[in-house]
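A.B. asks: Sequence first, then the predicted structure:
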Amino acid sequence: MSATTVSPCQDNTDVQVFPAMMQMITGYWVSGCIYTAAKLGVADLLENGPLGIEELSRQLSAHPDSLYRLLRALSGVGVFKELEGKRFEQTQFSNALRTSAPGSIRSVAIMMGEEHYKVWGHLLQSVKTGDRAFEAVYGMPVFEYFQKNPESSEIFNGAMTSFASNMHSAVVGAYDFSGFKKIVDVGGGHGRLLSVILEHAPTLSAVLFDLPHVVQGAAIPERLQSRFELAGGDFFQAVYAGGDAYILSTVIHDWDDEHALKILKNIHAAMPENGTLLVVENVVEGDNQPGLGKLLDINMLLMTEGGRERSSEEYKALYRAAGFELTRIIPTPSGVSILEGRKR
Ligand SMILES: C[S@@+](CC[C@H](N)C(=O)[O-])C[C@H]1O[C@@H](n2cnc3c(N)ncnc32)[C@H](O)[C@@H]1O
């Protein structure tokens with residue numbers, strides 16, 4: 001959304017200003033409704049056609065009138081459609097909340113409504129003090145929390161897979177991976193990005209490197225398994241050695257410069273001369289342009305220990321300090337860019 005600059009006596013009941021501001025101010029009302037429908041699993045029940053509110057509330061063990069009000073509100077923003085007789089049907093938006101929909105976004109909706117929502121309540125304090133909200137709320141850093149809470153970890157990994165399936169095909173469309181022999185995905189989650197890359201590069205083999213409990217949950221299609229290796233480990237200690245390309249997708253933004261440098265230096269040590277580094281991240285600039293990256297940066301401020309979205313200059317400096325030269329920044333239609341680097 002773009003806005004013009006104004007004088008102090010601007011009328012703020014302006015027909016454009018008030019609704020636009022209200023939409024932004026009440027944004028969390030909508031996300032709270034989406035979270036609740038996702039958690040209940042409403043979209044799963046509508047897979048085979050419309051259902052009435054009595055049937056929905058019976059199957060979901062929900063209070064009929066409250067559920068009706070929830071679904072009526074969501075139908076007002078296009079998530080579900082209300083039919084006559086308090087019946088509801090799926091829309092293209094609600095379909096994305098189905099657990100088994102291709103590219104399902106259900107885990108993202110659930111993740112944002114649980115730990116994330118609670119931690120966003122600390123934004124004012126974080127902006128005033130710079131403190132780390134996740135630790136203030138949960139008493140430990142985010143990845144330690146996920147290690148100790150398998151259910152939340154499962155939702156987080158599902159959300160990462162969902163982000164991956166919605167954005168990583170754009171990465172494969174923007175970059176040619178076929179010249180590499182072995183690519184290592186560092187912090188690769190359950191391996192979704194690697195699977196998409198291998199589908200497009202038939203002679204490439206791949207290594208999925210992540211924390212041991214995460215690689216255990218990897219979901220690799222059978223036809224790709226002969227070209228796949230799993231490697232559990234801690235990227236602050238060392239990473240798998242022997243790849244000619246290393247990719248990190250939405251990993252560096254989890255960390256402050258000191259930790260990001262440690263990861264990049266460990267990759268530098270593990271790769272041959274002229275190895276290629278590919279970092280997939282949002283690149284944010286102070287350009288007054290809209291973009292998810294700038295809000296994701298606030299999410300990083302709250303959820304991580306020093307994580308942030310970075311500008312192209314900040315990435316250039318980070319690459320240089322880790323022994324890489326930043327050779328290209330390739331934008332993709334999904335908003336993330338591929339930052340290609342070469343070992344110096
Ligand atoms: C934001 S997720 C990105 C997942 C994946 N690359 C993607 O794009 O979907 C960050 C990943 O870093 C992994 N990670 C965190 N700390 C790690 C560590 N010390 N060593 C290895 N992996 C780690 C997490 O388990 C998680 O899978």
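C.D. replies: All right, it came through fine.
A.B. asks: near the ligand, which residues of the stretch 201-344 of the chain?
C.D. replies: 210, 211, 214, 234, 235, 236, 249, 250, 251, 254 (Cβ under 6 Å from any ligand atom). C-beta: built from backbone N, CA, C; applies to glycine.
A.B. asks: Settle this for me: the fourth one is touching residue 211, isn't it.
C.D. replies: Yes - Residue 234 sits in contact with residue 211 when judged by Cβ atoms under 8 Å, with a separation of 6.9 Å.
A.B. asks: between the two, what contacts are shared?
C.D. replies: Common neighbours of residue 234 and residue 211, using Cβ atoms under 8 Å, 6 or more residues apart in numbering, do not exist here.
A.B. asks: related to what we said a few turns ago, separate out the buried members of the residues of the stretch 201-344 of the chain next to the ligand.
C.D. replies: 210, 211, 214, 235, 249, 250, 251, 254 (16 or more other Cβ atoms under 10 Å).
A.B. asks: Tell me which of these fall in helices.
C.D. replies: residue 214 (DSSP state H).
A.B. asks: I'd like the buried ones among the residues of the stretch 201-344 of the chain next to the ligand laid out as TSV, including pLDDT.
C.D. replies: TSV is the format used below for those (pLDDT from 0 to 100):
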residue	pLDDT
210	97
211	95
214	91
235	98
249	95
250	92
251	95
254	92
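A.B. asks: Tell me where the stretch 1-150 of the chain has helices.
C.D. replies: Applying DSSP state H, counting those that start in this stretch to the stretch 1-150 of the chain gives helices spanning 17-25, 27-40, 42-45, 53-60, 64-75, 92-95, 106-113, 115-120, 123-129, 133-138, 142-148, 150-174.
A.B. asks: How much space separates residue 158 from residue 178?
C.D. replies: Per Cβ to Cβ, to the nearest Å, residue 158 is found 30 Å from residue 178.
A.B. asks: Between the two, which has more neighbouring residues?
C.D. replies: Ranked by neighbour count (other Cβ atoms under 10 Å), residue 158 and residue 178 place residue 158 first, with 21 against 10.
A.B. asks: So what's the residue count around the closest residue to the more buried one other than its chain neighbours?
C.D. replies: Nearest non-adjacent residue to residue 158, counting by Cβ to Cβ, 6 or more residues apart in numbering: residue 107, 3.3 Å away. Neighbour count for residue 107, taken as other Cβ under 10 Å: 21.
A.B. asks: tell me the pLDDT at residue 107?
C.D. replies: Predicted confidence (pLDDT) for residue 107: 94.
A.B. asks: all helices of the stretch 151-300 of the chain, in order?
C.D. replies: 192-200, 212-215, 257-270, 292-303.
A.B. asks: hang on, the earlier thing: any chance of the helices of the stretch 1-150 of the chain in CSV, plus distance to residue 220?
C.D. replies: Converted to CSV, the helices of the stretch 1-150 of the chain look like this (distance: least, Cβ to Cβ, whole Å):
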stretch, distance to residue 220
helix 17-25, 41
helix 27-40, 26
helix 42-45, 25
helix 53-60, 34
helix 64-75, 35
helix 92-95, 26
helix 106-113, 19
helix 115-120, 28
helix 123-129, 38
helix 133-138, 30
helix 142-148, 21
helix 150-174, 12
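A.B. asks: Would you mind listing where the stretch 1-150 of the chain has pLDDT under the threshold?
C.D. replies: 1-2, 7-15 (pLDDT under 70).
A.B. asks: Now it against the ligand: closest residue?
C.D. replies: At 4.8 Å from the ligand, residue 143 is the closest residue in the stretch 1-150 of the chain, using Cβ to the nearest ligand atom.
A.B. asks: what sits against residue 235?
C.D. replies: 186, 187, 209, 263, 266.
A.B. asks: ugh, wrong one, I meant residue 194
C.D. replies: The contact partners of residue 194, by Cβ under 8 Å, 6+ apart, come to 183, 185, 188, 206, 208, 220, 228.
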